[in-house]
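Enquirer: next input, structure requested:
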Amino acid sequence: MKLRTGMAFALMLLLIAGSVVFGAYKGWSKEKAPVEETLAGLESMLQTRVESAYNVLAVAKRHVPQTDEAYKKVDEDRARLEKASSTLEEKAAANEDLARDAAALLEILKNTDSVQADARDKMYVESYLPQMLAQSEEKTVGAAYNQAAAEFNERINNSFSGWIARLLGVKPAQEFIVK
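Expert: As a prediction, this is how the structure comes out:
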């Protein structure tokens, strides 16, 4: 009789432990879903940044050689931002570099005689492209995503069930910041 009671008790403890483990994994995976949705929005805005860089380069190609240092920097920043295997930290760095380097290239273009002589490109360089870059930069600073990621990380790192979930493979969210 004691053997059956002991086995029943051990089975009960095993089921409880399994439920806690399963619940922790399932619950934290579900809690991370909104963070992942916010990340999808950030990735969409980063793609807009890449397209903005292409537009800057398309105008620049008509007025400066592709070997120009400012042109090459924007093209390299665009490629780094577009690279699918980059971490969020690498993309954040590329995003910051793109903002700086595209602004510098647009400044060079503003002072180029051939741009001043071309009404369409002058409008692009002085109005449309800076506005597009500023708006997409504002959206990609990662504020909404970083807030969601930081809140998730705080919760998962400071709870027992979060500790279990991390052991089972639920990873903290990466932040979109340059360290």
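Enquirer: residues in contact with the worst-scoring helix or strand of the chain on mean pLDDT: which ones?
Expert: The weakest-scoring helix or strand in the chain, judged by mean pLDDT, DSSP states H and E, is helix 129-140 (a mean of 80). Helix 129-140 has contacts (CB atoms under 8 Å, 6 or more residues apart in numbering) with 42, 45-46, 48-49, 52, 55-56, 59, 95, 99, 102-103, 106, 176. Every residue, glycine included, has its C-beta placed from N, CA and C.
Enquirer: from these, which two are the most distant?
Expert: 59 and 176 (27.9 Å; CB to CB).
Enquirer: residue 130: how many residues sit nearby?
Expert: 17 (other CB atoms under 10 Å).
Enquirer: against residue 106, how distant is it?
Expert: Note on residue 130: its distance to residue 106, by CB to CB, to the nearest Å, is 6 Å.
Enquirer: picking up where we left off before, what's the PyMOL line that selects buried ones from the contacts of helix 129-140?
Expert: Buried residues among those (16 or more other CB atoms under 10 Å), as a PyMOL selection:
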select buried, resi 42+45+46+49+52+56+59+95+99+102+103+106+176
